[in-house]
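A.B. asks: compute the structure for the input listed below.
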Amino acid sequence: MKLLPDALTRHVQILAALTLAHSAQASVSLNWKDNSSNEDGFAIERSIDGIHFQEIGRVPADVDKFTDPNATEGKTFHYRVRAFNAFGFSGYTDTISATVAALVESASETIDRTLQTVSEESEKLLFNGQLLSASSLPTTTVGSSTIQDAYQYYDSLGLHALISLGSGLGPRSDSFKFTYLPIEQDCQIVVRVPFHSGGSPESACGIMVRSSLAPDSAYGAALLTANGAAQARWRPKNNDISQTRELLSSHPNTRYLKIRRRGSYCWLSASRDGYDWSPSSKVPVALGSTPLVGIFLASSGNTNSIAVLEILESTEPLLAPSLSYYRASGSQAAIGVESSQVSSTLDQATGLYKLTAQGRGFEQYHDQLNFYQWTGVGSCRIVAKIHAFVGDGTSARTGLSLRASLEPDSPIAAVTLNGYGKIETLTRSGDGAKITTLSGPELPAGCYLALERQGNTVSYQWSPNGVDWNEFGTAILDLPSIHHVGLTLGSHDGESASLIELTGLY
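C.D. replies: This next block holds a predicted model:
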């Protein structure tokens, strides 16, 4: 028979220990790579001195994980694995060791410490001597204007209103209103334009990434003209001639714009409903080392232009999503457990939701979950960044879900991180149906997850950075027009906790 690989391919993970804070027992979870093809199973051995080993369990063929539930805190254990069949055993993997730390903190306390660290490290952005916040972004007129242009952010509505008078976006030199912030990395932002009135059809508003505030600087923009046409417009380099490409023809329902910046390229697209997008225009833009991103309004002629813009999705915390008509309607829901077994709080300083949960989590037929949810109608999209997750076992999960109701056996679509740090989807297609799961790759720290509903079809998506998105399958559910969508956390059999940032909901 083929031997196992020479070494375990993943470090030992301490997964369930934190939930057992008042006992001396913890658990150690092992993974290995199955390179054998004719095994009947795998035997797992443990030692307290690294010399004398004792078999503590076996798993069937093709299973590549095992949890030792009887580790003792404060001690070091040594593990090795070998395959077996009717003819004997393979050689051992290399030995791997794990020291089980003293368990004196709950998962919630661990997340509290993480939240405090994030809060301390997330000082308000200082730019040109000004402390920035979501309601105090710098606003300027790029180029010149004959009047004092205006900008106002309405926090209660999540709407940005701009007034501008100028020559607009010119071939080599611009004159327009720009509300912006500096960025250091790639970004993706989606905006809706509820209102736009221009002095001429050439007036434009939208979202822009720009190399500087100089009127001839390089930029990439997804914009909407006053007559309802959506365009990609860009100046590849400073003082170049700007270029234009149509994204969608004039239409009264064209309202949605998206910009994605990745290195020296921008992807620009538009939509009439926020879900079905035009093909993206990929354009080269020399943005330099200190680019700016923001919303803009460019007039054209002698009449003021007015625009109202709403940010729907953003990787930039200071350009916070408005939550659209979901705004201020989120509520705590305990699915299949007592309300005392779950909690959800929003840290106003960081914008992070802290969730805790006790129970069995996602079950085949009857869930026991924490679900911080919003109620909506029809199509929707929700996007979140997972900042931290402390699961009490491999079956603990956190992420996003959409439910037909708040009953524990209702139809559900969820995209989550599981206890191994892998993406996992969970789908219950109808009332009382068995839940099905699909596990994928291990995701990096700080990853993004997204759920999108159109009709009865839900798509599962993930991204390492909120910019480069990967679809991880779709599901068809028996859904009413009204749904519940939000942040979710399921435990294994103790207590789990997570920190989640909501970066889009519409």
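
A.B. asks: only C-alpha atoms for contact and neighbour calcs from this point on.
C.D. replies: Fine.

A.B. asks: mind checking how far the spatially closest residue to Gly391 that is not a sequence neighbour is from Thr345?
C.D. replies: Setting aside the residues directly before and after it, Gly391 is nearest to Ser496 in space (CA to CA, 6 or more residues apart in numbering), at 4.7 Å. From Ser496 over to Thr345 the distance is 15 Å, taken as CA to CA, to the nearest Å.

A.B. asks: circling back: the residue nearest to Gly391 touches Thr110, doesn't it?
C.D. replies: No - the pair Ser496 and Thr110 does not pass the contact test of CA atoms under 8 Å, sitting 10.0 Å apart.

A.B. asks: which strand or helix spans Glu109?
C.D. replies: helix 107-121 (DSSP states H and E).

A.B. asks: hey, C-alpha coordinates of that helix in CSV?
C.D. replies: The C-alpha coordinates for helix 107-121 follow below in CSV (Å, rounded to 0.1, in the frame of the first residue of the first chain):
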residue,chain,number,x,y,z
ALA,A,107,-15.0,33.0,23.4
SER,A,108,-16.9,36.2,24.1
GLU,A,109,-14.0,37.6,26.2
THR,A,110,-11.5,36.7,23.4
ILE,A,111,-13.6,38.6,20.9
ASP,A,112,-13.9,41.5,23.3
ARG,A,113,-10.1,41.7,23.4
THR,A,114,-9.9,41.6,19.6
LEU,A,115,-12.5,44.3,19.4
GLN,A,116,-10.5,46.5,21.8
THR,A,117,-7.4,45.9,19.7
VAL,A,118,-9.2,46.9,16.5
SER,A,119,-10.6,50.0,18.2
GLU,A,120,-7.2,51.1,19.4
GLU,A,121,-5.7,50.5,16.0
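
A.B. asks: thinking again about what came up before, okay, Ser496 and Thr110: which has more neighbours?
C.D. replies: Counting neighbours by other CA atoms under 10 Å for Ser496 and for Thr110 shows that Ser496 has the greater number, 33 against 18.

A.B. asks: list the beta-bridge partners for the more buried one.
C.D. replies: Note on Ser496: beta-bridge partners by DSSP bridges are Ala357.

A.B. asks: contact partners for it?
C.D. replies: For Ser496, the contacting residues are 19, 107-108, 356-358, 389-392, 396, 489-490, taking CA atoms under 8 Å, 6 or more residues apart in numbering as the criterion.

A.B. asks: ok, how many other residues are close to the closest residue to Ser322 other than its chain neighbours?
C.D. replies: The shortest distance from Ser322 to any residue other than its chain neighbours is 4.6 Å, reached at Gly158 (CA to CA, 6+ apart). By other CA under 10 Å, 18 other residues sit near Gly158.

A.B. asks: so Gly158 sits right up against Glu310, yeah?
C.D. replies: Yes - in this structure, Gly158 sits in contact with Glu310. The criterion is CA under 8 Å, and the distance is 6.5 Å.

A.B. asks: packing partners of the helix holding Glu109?
C.D. replies: Taking 3 or more CA pairs under 8 Å, 6 or more residues apart in numbering; DSSP states H and E as contact, the helices and strands that helix 107-121 lies on are strand 352-358, strand 380-390, strand 495-505.

A.B. asks: so which bits of it are buried?
C.D. replies: With burial defined by 16 or more other CA atoms under 10 Å, the residues of helix 107-121 counted as buried are 107-108, 110-112, 114-115, 119.

A.B. asks: domain parsing of the protein, as residue ranges.
C.D. replies: Using automatic domain parsing, the domains assigned to the chain come out as 17-104, 109-122+327-505, 126-316.

A.B. asks: would you mind putting those into CSV with mean pLDDT alongside?
C.D. replies: Formatted as CSV, the domains of the chain follow (pLDDT from 0 to 100):
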stretch, mean pLDDT
domain 17-104, 76
domain 109-122+327-505, 94
domain 126-316, 91
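
A.B. asks: picking that back up, pick the most buried one from the helices and strands packed on helix 107-121.
C.D. replies: Ranked by mean neighbour count under mean count of other CA atoms under 10 Å, the helices and strands packed on helix 107-121 are led by strand 495-505, which reaches a mean of 27.
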